[in-house]
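*Asks:* A predicted structure for the sequence below; I have some questions about it.
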Amino acid sequence: MATAKHFPGHGDTSTDSHLELPVIDVDRARLNAIELPPFQAAIDEGVGGVMSAHIALPRIDAGNLPATLSPMMLGGVLRGELKFGGVIFTDAMNMRGIAAHYPEGEAAVRSVKAGADVVLYPPSVEQAFISLKKAVESGDIKESRIDESVRRILAAKAKLGLDRARLVDIGKLDKLLGTNDHQRTAQQIIESAITLVRDKRGDLPFKLAPQQKVLFITMVDNSEGWRDGVPGHAFFAGLVKRHPNSISTYVTDKTSYAELELIKKLASFADTVIVNGFIRVSSFKGSIDMSEGEISLLKHLSAINKPFAFVLYGSPYLLSFVPELPTYILAYEYYPAAEEAALKAVLGEIGFRGKLPVELPGFYPIGHSAAKK
């Protein structure tokens, strides 16, 4: 079942709700214009589920409640105004955006009273269950309210055919998922998203002469846990096919000072430098996590007076840590297809068609693009 998340919009913050409660300081007009339209579009297309966000909107909900616990946001806006009739899931209730501020039993009760149908991942399932049962027995939550959620959940299961076949036929997966049509659509979406945020020197797109030496650097936030192939491999494979006079190096949080100095020397001999940065937006990690050595290397490369391109995959907020970067390209995802799309854009094979989906505070507003008209 497709699920739209995180309602009413978790994009415009660099705070990780696994660690603390983000505050989205916007008014209702801005919410209507920016955050809510994607959810309304998904609801209009029949999306089955919506997941709430552990975010506070103090200018909209005077109680300053996280959206997950807010009757105004879940019952009022999502159910009432957007007319969503499917299943509302909470985000994981063990995240500190909720768990650090509300006792776990109380949080479960508040989320159901707000309008949630499924209380996801409470720190203690037993405690959440006991608290909800007591709330029903005391009349704090009406039994009819529980019945509403049960009916929605059963209807969703029936729509998916789970009353007839509970298990997935894995023999059909290759015929149902990842088809050629799916891959073409995914590639179109990725290519349309590549965003040129900054090009101070007007270096892009690159027009590489055969004799020019290109240094390609892959920089990752840490060396562990990459699931979608080796970061940078797809970009460099495509680069070498187009421009054989290219060399590659790899930088992680464990790269030594001596290695970083060697990379600086390699950059001094190159005619063009391209850096792919991989910074994951992941649970319990915060907004950014690169080593001092990596940050220092980026600052050094930014000061070199030669064509330079920096492509960022994942979190878009690195610019606040390295404001010196002369170019700033966002690809958002870590997939090999995103690397291939970024390479095409850097070399001018496709245009930069993306626009900033978030604000980069102090730098650029939502909707910004430095692409030539």
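*Replies:* Received it, and whenever you're ready, just let me know what you need.
*Asks:* and the helices in this protein?
*Replies:* 28-30, 36-44, 71, 96-99, 104-114, 125-138, 143-159, 173-176, 180-193, 233-242, 257-269, 292-303, 336-346 (DSSP state H).
*Asks:* nearest to Phe321 among these would be which one?
*Replies:* With CB to CB as the criterion, Phe321 lies closest to helix 292-303 of those, at 6.1 Å. All C-beta spots, glycine's among them, are computed from the backbone N, C-alpha and C.
*Asks:* any chance of a markdown table for the helices of the chain, columns mean neighbour count and distance to Asn222?
*Replies:* Putting these into a markdown table (neighbours: other CB atoms under 10 Å; distance: least, CB to CB, whole Å) gives the following:
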| stretch | mean neighbour count | distance to Asn222 |
| --- | --- | --- |
| helix 28-30 | 12 | 35 |
| helix 36-44 | 16 | 31 |
| helix 71 | 16 | 40 |
| helix 96-99 | 20 | 21 |
| helix 104-114 | 23 | 31 |
| helix 125-138 | 15 | 32 |
| helix 143-159 | 13 | 38 |
| helix 173-176 | 10 | 31 |
| helix 180-193 | 13 | 24 |
| helix 233-242 | 17 | 17 |
| helix 257-269 | 13 | 16 |
| helix 292-303 | 17 | 10 |
| helix 336-346 | 23 | 19 |
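*Asks:* how about these in JSON lines, adding distance to Ala370 and mean pLDDT?
*Replies:* Shown next, in JSON lines, are the helices of the chain (distance: least, CB to CB, whole Å; pLDDT from 0 to 100):
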{"stretch": "helix 28-30", "distance to Ala370": "23", "mean pLDDT": "91"}
{"stretch": "helix 36-44", "distance to Ala370": "24", "mean pLDDT": "96"}
{"stretch": "helix 71", "distance to Ala370": "42", "mean pLDDT": "95"}
{"stretch": "helix 96-99", "distance to Ala370": "33", "mean pLDDT": "85"}
{"stretch": "helix 104-114", "distance to Ala370": "41", "mean pLDDT": "94"}
{"stretch": "helix 125-138", "distance to Ala370": "48", "mean pLDDT": "96"}
{"stretch": "helix 143-159", "distance to Ala370": "43", "mean pLDDT": "97"}
{"stretch": "helix 173-176", "distance to Ala370": "40", "mean pLDDT": "87"}
{"stretch": "helix 180-193", "distance to Ala370": "15", "mean pLDDT": "94"}
{"stretch": "helix 233-242", "distance to Ala370": "21", "mean pLDDT": "97"}
{"stretch": "helix 257-269", "distance to Ala370": "23", "mean pLDDT": "97"}
{"stretch": "helix 292-303", "distance to Ala370": "16", "mean pLDDT": "95"}
{"stretch": "helix 336-346", "distance to Ala370": "12", "mean pLDDT": "96"}
